[in-house]
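J.: Give me a model of this one.
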Amino acid sequence: MQEGAVVKYANPLFITNVQVFTVRRRRNGPYLTNITATIHTTFGNNVTVKFSYLLPSGNTIDFSTRTCDAVDKPWMYEFAATFSNLTECPVKPGTYRYYNVEIPPKNFPLPLPASLKKGDSGDVSVKLLRRGRDLILDLFTKVRVY
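T.: Numbering: from 1, shown residues only. So this is what the prediction gives:
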């Protein structure tokens, strides 16, 4: 379960009109996140997507991939095709949306430790980095094991 998705930073040279919100469609249903953003420059393998999951223990699980390399990963392509209007790379300037995303996604190969128990929470950060270091976008949400 996730809660409180927020935009921590968006670099207006590359991305604007970033909106992120988390909703629940029905009682006891999963929390779903929706993200909208307008990209002003082409995103190819010059942009890295970095996921970080801070565990209750203080350890971090990190996963990163370059934008176009993600298309070669079947689970990433399936995720993008199912939950967004991002289906080709390089990503051209335009407005893009992710909708009804459960974080972490069900098909996300996130190796969670067996020691996690129901109710444990962790922080998830999703960053877009230009050339692997210059911050374009920083999104944050908290997830709970259920």
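J.: Thr141 belongs to a strand?
T.: Yes. Counting by DSSP: H, G, I helix; E, B strand; the rest coil, Thr141 is part of a strand.
J.: Give me the distance between the nearest residue to it once chain neighbours are set aside and Val23.
T.: Excluding the flanking residues, the one nearest Thr141 by CB to CB, 6 or more residues apart in numbering is Ala5, at 4.1 Å. Heads up, the C-betas are built off the backbone N, CA and C, glycines and all. Computed as CB to CB, to the nearest Å, the Ala5 to Val23 distance reads 10 Å.
J.: now swap in Arg97 and tell me
T.: For Arg97, the distance to Val23 - CB to CB - is 14 Å.
J.: same thing with Gly94?
T.: Counting by CB to CB - Gly94 and Val23 are separated by 24 Å.
J.: Now do the same contact list for the residue minimising distance to the centre of the chain.
T.: Against the mean C-alpha coordinate of the chain, by CA atoms, centre = their mean, the closest residue is Val126 at 4.7 Å. Contacts for Val126 (CB atoms under 8 Å, 6 or more residues apart in numbering) come out as 49-51, 137-140.
J.: same thing but 7 Å
T.: Residues near Val126 by CB atoms under 7 Å, 6 or more residues apart in numbering: 51, 139.
J.: go on, Thr16?
T.: Residues near Thr16 by CB under 7 Å, 6+ apart: 10, 38, 40.
J.: quick one: which of those is nearest to Val18?
T.: The closest of these to Val18 turns out to be Ala10 (CB to CB; 4.4 Å).
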